[in-house]
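Engineer: everything below, folded, please.
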Amino acid sequence: MIYGQWKTAAAAATEAAATEVDLGKDFSHVVALIPDITAATVTIYISNTSGGTFYPMYAFDADGTGTFAHATSSGNDPAAVVFFIGGAQYIKIVLSTGTASVPVRGC
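Structural biologist: Modelled structure (predicted):
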């Protein structure tokens with residue numbers, strides 16, 4: 001498996017406030033080291049171009065009743081989380097509340 005370099009994402013409570021991270025190439029997944037933050041939902045946004053429109057990543061669940069945001073909840077403990085990003089190179093991390101510096105790496 002090929003891994004990208006570690007980068008830092010400035011996660012924020014809106015897509016517009018979160019900073020874009022260029023993973024350097026297309027990856028199917030990204031690992032995010034979510035720090036010790038106040039409980040929040042963490043959602044990955046992706047774009048096919050730098051500075052382009054960012055979309056929340058959804059996963060279709062054939063066993064479910066529709067599509068579901070590819071997101072996780074973080075409590076008051078740090079966590080390493082792997083998100084599916086569907087071959088994207090450009091990502092943003094959006095929190096339901098607050099801000100955080102989040103190390104990320106494509107994989």
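
Engineer: beta partners of A11?
Structural biologist: Bridge pairing for A11 (DSSP bridges) gives the partners A100.

Engineer: in this structure it contacts I44, no?
Structural biologist: No - with contact defined as C-beta atoms under 8 Å, A11 does not reach I44; the gap is 10.1 Å. Just so you know, the C-beta spots here come from the backbone N, C-alpha and C atoms, and that holds for glycine as well.

Engineer: who touches both of these two?
Structural biologist: Residues touching both A11 and I44 by C-beta atoms under 8 Å, 6 or more residues apart in numbering: 92-94.

Engineer: most centrally placed residue in the chain?
Structural biologist: Most central in the chain under C-alpha atoms, centre = their mean is I44, positioned 2.9 Å from the mean C-alpha point.

Engineer: which residues touch it?
Structural biologist: 30, 32, 56-57, 70-71, 83, 85, 91-94.

Engineer: given the helix or strand harbouring it, what are its sheet partners and their directions?
Structural biologist: Take DSSP states H and E as the rule and I44 turns out to sit in strand 40-47. According to DSSP bridges, strand 40-47 forms sheet pairs with strand 55-56 (antiparallel), strand 71-74 (antiparallel), strand 79-95 (antiparallel).

Engineer: now that strand, how far from the centre of its chain.
Structural biologist: Distance of strand 40-47 from its chain centroid, counting by C-alpha atoms, centre = their mean, to the nearest Å, is 4 Å.

Engineer: please export the C-alpha coordinates of it as CSV.
Structural biologist: Extracted C-alpha coordinates of strand 40-47, given in CSV (Å, rounded to 0.1, in the frame of the first residue of the first chain):
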residue,chain,number,x,y,z
ALA,A,40,-18.3,16.7,17.8
THR,A,41,-19.3,15.0,14.6
VAL,A,42,-16.4,14.9,12.1
THR,A,43,-17.3,14.9,8.4
ILE,A,44,-14.9,14.6,5.4
TYR,A,45,-15.5,16.8,2.4
ILE,A,46,-13.9,16.1,-0.9
SER,A,47,-13.2,18.0,-4.2
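
Engineer: great, nothing more from me.
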